[in-house]
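Peer 1: pasting the structure only:
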């Protein structure tokens, strides 16, 4: 069940598009901030954005890695600054694209590696994850890697004709390091 995290190369873009975006009705879209109604890029848009360095950058971005299992792309980990150019508040993201791979430990293995890698890249005391109260898997994953619920903004995410809470989980560097020493 071991996964490998690696940076995307230009030659990975077609694979990424097939796995992540070729099916706009894939189940993972229902859990990854579905209330934002994000547009799914075409392969051409994805490739052009990378070539022109416009939009989200998948290639040569230290804050984006593919999750690979046995040489097959199964997901993605990412990080972005919540506070923009100040760069003091970093939030992480993770997605396993195929629901057949959910519940097998890939996400926890990948997130464990990602937190280690990000704490190695940045000199910040805190890393977090933001999700919504309907995403029980993400909440369980955050708890499984040692994160604590730090904030809950009630009934601000509207999806499927109802309001959900926005939920933030986080971990301090010292908590992460102490947990690593116990393992």
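Peer 2: Arrived safely. Every value quoted in this text rests on a predicted model; they were computed, and no experiment measured them. Numbers count the residues shown, from 1 in each chain.
Peer 1: for stretch 132-139, which positions count as buried?
Peer 2: For stretch 132-139, a neighbour-count test (16 or more other CB atoms under 10 Å) marks 132, 133, 134, 135, 138, 139 as buried. Placement of C-beta: from N, CA and C, glycine included.
Peer 1: so the fourth one sits right up against residue 30, yeah?
Peer 2: Right, residue 135. No: when contacts are counted by CB atoms under 8 Å, residue 135 is not listed as touching residue 30 (9.4 Å).
Peer 1: can you tell me which residues contact residue 121?
Peer 2: residue 62 (CB atoms under 8 Å, 6 or more residues apart in numbering).
Peer 1: looking at the protein, which helix or strand is least sure?
Peer 2: When each helix and strand of the chain is scored by mean pLDDT, DSSP states H and E, helix 43-52 comes last, with a mean of 88.
Peer 1: Going by contacts, tell me the helices and strands next to that helix.
Peer 2: With contacts taken as 3 or more CB pairs under 8 Å, 6 or more residues apart in numbering; DSSP states H and E, helix 43-52 sits against helix 13-16.
Peer 1: Now intersect the buried residues of stretch 132-139 with the helices, please.
Peer 2: In this view, these that belong to helices under DSSP state H are 138, 139.
Peer 1: Distance to residue 55 and pLDDT for the buried residues of stretch 132-139 - can I get that in a markdown table?
Peer 2: Putting those into a markdown table (distance: CB to CB, whole Å; pLDDT from 0 to 100) gives the following:
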| residue | distance to residue 55 | pLDDT |
| --- | --- | --- |
| 132 | 24 | 96 |
| 133 | 29 | 97 |
| 134 | 28 | 96 |
| 135 | 25 | 96 |
| 138 | 24 | 97 |
| 139 | 29 | 98 |
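Peer 1: Residue 106: which of the buried residues of stretch 132-139 is nearest?
Peer 2: Nearest to residue 106 among these, counting by CB to CB, is residue 138 at 13.6 Å.
Peer 1: mind listing what the closest one touches?
Peer 2: 31, 94, 129, 131.
Peer 1: any idea how far it is from residue 105?
Peer 2: As judged by CB to CB, to the nearest Å, residue 138 and residue 105 stand 15 Å apart.
Peer 1: all helices for this protein, in order.
Peer 2: 13-16, 43-52, 106-121, 136-144, 173-182.
Peer 1: one step back: and the two most separated of the contacts of residue 138?
Peer 2: 31 and 129 (13.1 Å).
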